[in-house]
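Trainee: what follows is a predicted structure for the sequence shown.
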Amino acid sequence: MRHSRPASLNRGLGLGADVDAAERTHYPWRPRAMRAANLPSGAGPDLGSGVAPLAPDDRIHALDALRGLALFGVLAINLETEFRVSMFQAFIAPSPDRGLGRLADAGLEILIDLKALAVFSLLFGIGLAIQNQRLEHHRHRTVLLVRRLLALLVLGLVHLFLIWNGDILAEYALAGLIVLPFLFAPIWLLAGASAAFFILYLAMPMLPPIVSFPTNAWMLDHVQAADRVYGSGDFGQILRFRIEEVSALLPLHVRIFPRTLALFLFGALMWRAGVVSEAERHRRLLSSSALLCIAAGLLGTLATSPREYWGWPSLGRDYVWPAAAILLALGYASLVIVLLSSSGRRWLAWAEPVGRMAFTNYILQSLLLGWIFYGYGLGWFGRLGPVAGLGLVVLIYAAQAICCQWWLERFRYGPIEWFWRALMYGHRPAFVRGFPDRATA
């Protein structure tokens, strides 16, 4: 079956109907959203000449909404387990909360913890594949993609050391550089590499650790020090403590890194296979995947909950629980894509602006939560319960959703998204709505 690129995408890239005819001749096997734009090569001093960031009207709304929904989960986990208390608290003792607090804690761990971040990893892989596709005929394609990831690495390191050491952006940049060569490989190699990294991730508890995890005695002392420094220290003391803490967090990044690679590759695989770009055509597959993955993921998570909420021993927690988290994340993603490929979009359209500004929202969340919980701000560290924390999550997220809607009615991108694109393309994309981009003007 042959497909042509939607006319709106051609218009957004400055192309005409003749490109569709040519692509039907040369790329008959590729779904319409997979066929790359026949972009002109760069001719100016910047490598991005002749190519501009994707116009807002040509974005895939389902991916933006899914990213916006995942951001709520990331905010909830970050606030509850990494800003409200020390992130090492969960490793030394079960939550002492009872009643609603225990229920909120259990709900977050069962439904959101590691799942929201897995959805983000999947979306990042899809995004890499989309960027690679759009630049397929650009002579500086590889350089632009590398520059995009290096810019993300720099921004992530600034976030990691100066704002919050729970940063994930630097890890994403490094994983993206590893995954990048696979984007040029046959689809079977993409699938094989994704499966291999999934197996490695699930097998890691059986392998000798690359980096030793801190001892319980160290974590007990460190949690007490964190309560003191984060709760009442000034900015300089907190900055120094946060930087010293980075080395202790390294084992957590090493443990999760194969999963990040696997999900990046699986996201790219989904895009190459046309599952995302033509969701309506794959509706039965996505619906079945959502049902099976959510059912299996919930069953595995409930059976192996690390904190033993249900009063029975948690069996296979080192192996089943990580796999169940991945299944739940894939189920969530499939469900949202199915809903947004049909009439469900009107119910989730509010999440699209949040997803389009996910980078800006993520950094703003770190800045705001630092001010709320650390001593140089309100100093609420260790003083807020999980239920009050969830209420704060809802307030912050609702405020961001409103602000994002207002912002994108006036500007084409979030401020950090715009800056990231400028670093990648080597020129400043149009920022204010109504002004054409210099690459397409």
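Mentor: Now that the structure is in, tell me what you want to look at.
Trainee: please enumerate the helices of the stretch 201-350 of the chain.
Mentor: Remark: helices assigned in the stretch 201-350 of the chain by DSSP state H, counting those that start in this stretch are 216-232, 235-272, 283-303, 320-340, 345-348.
Trainee: which of those helices sits closest to Ala170?
Mentor: Minimum separation from Ala170 across the helices of the stretch 201-350 of the chain (Cβ to Cβ) falls at helix 235-272, 8.8 Å. C-beta here means a position set from N, CA and C on the backbone, and glycine is covered the same way.
Trainee: name the residues of the closest one that come out as buried.
Mentor: Buried residues in helix 235-272, counting neighbours by 16 or more other Cβ atoms under 10 Å, are found at 237-239, 241-242, 245, 248-249, 253, 255-272.
Trainee: where does pLDDT dip in this structure?
Mentor: Within the chain, the ranges that satisfy pLDDT under 70 run 1-58, 93-98, 306-316, 343-344, 435-441.
Trainee: spatially speaking, which residue is in the middle of it?
Mentor: Nearest residue to the geometric centre of the chain (Cα atoms, centre = their mean): Phe120, 2.3 Å.
Trainee: if you drop the residues flanking it in sequence, what lies closest to it?
Mentor: Ala70 (5.2 Å; Cβ to Cβ, 6 or more residues apart in numbering).
Trainee: which helix or which strand is home to the one you found?
Mentor: Using DSSP states H and E, Ala70 sits within helix 61-78.
Trainee: what's the separation between the nearest residue to Arg147 once chain neighbours are set aside and Ile178?
Mentor: Among residues not flanking Arg147 along the chain, Met424 sits closest, at 5.4 Å (Cβ to Cβ, 6+ apart). Counting by Cβ to Cβ, to the nearest Å, the separation of Met424 from Ile178 is 19 Å.
Trainee: same drill for those two, tell me which one is more crowded.
Mentor: Met424 (23 against 16; other Cβ atoms under 10 Å).
Trainee: looking at this, that one is in a strand?
Mentor: No. Counting by DSSP: H, G, I helix; E, B strand; the rest coil, Met424 falls outside a strand, being helix.
Trainee: any idea how far Leu177 is from it?
Mentor: With Cβ to Cβ as the criterion, Met424 and Leu177 are 14 Å apart.
Trainee: OK, contacts around the residue nearest to Tyr319 when sequence neighbours are not counted?
Mentor: Among residues not flanking Tyr319 along the chain, Leu202 sits closest, at 6.0 Å (Cβ to Cβ, 6+ apart). Shown in contact with Leu202 (Cβ atoms under 8 Å, 6 or more residues apart in numbering): Tyr319, Pro322, Ala323.
Trainee: can you rerun that using 10 Å?
Mentor: Leu202 makes contacts with Pro258, Arg259, Ala262, Asp318, Tyr319, Val320, Pro322, Ala323, Ile326, as judged by Cβ atoms under 10 Å, 6 or more residues apart in numbering.
Trainee: alpha carbons of stretch 115-122, as PDB, please.
Mentor: Extracted C-alpha coordinates of stretch 115-122, given in PDB (Å, rounded to 0.1, in the frame of the first residue of the first chain):
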ATOM      1  CA  LYS A 115       6.400   4.500  34.800                       C
ATOM      2  CA  ALA A 116       6.200   8.200  34.100                       C
ATOM      3  CA  LEU A 117       9.900   8.400  33.400                       C
ATOM      4  CA  ALA A 118       9.700   5.300  31.200                       C
ATOM      5  CA  VAL A 119       7.100   7.000  29.100                       C
ATOM      6  CA  PHE A 120       9.400  10.000  28.800                       C
ATOM      7  CA  SER A 121      12.200   7.700  27.600                       C
ATOM      8  CA  LEU A 122       9.900   6.200  25.000                       C
END
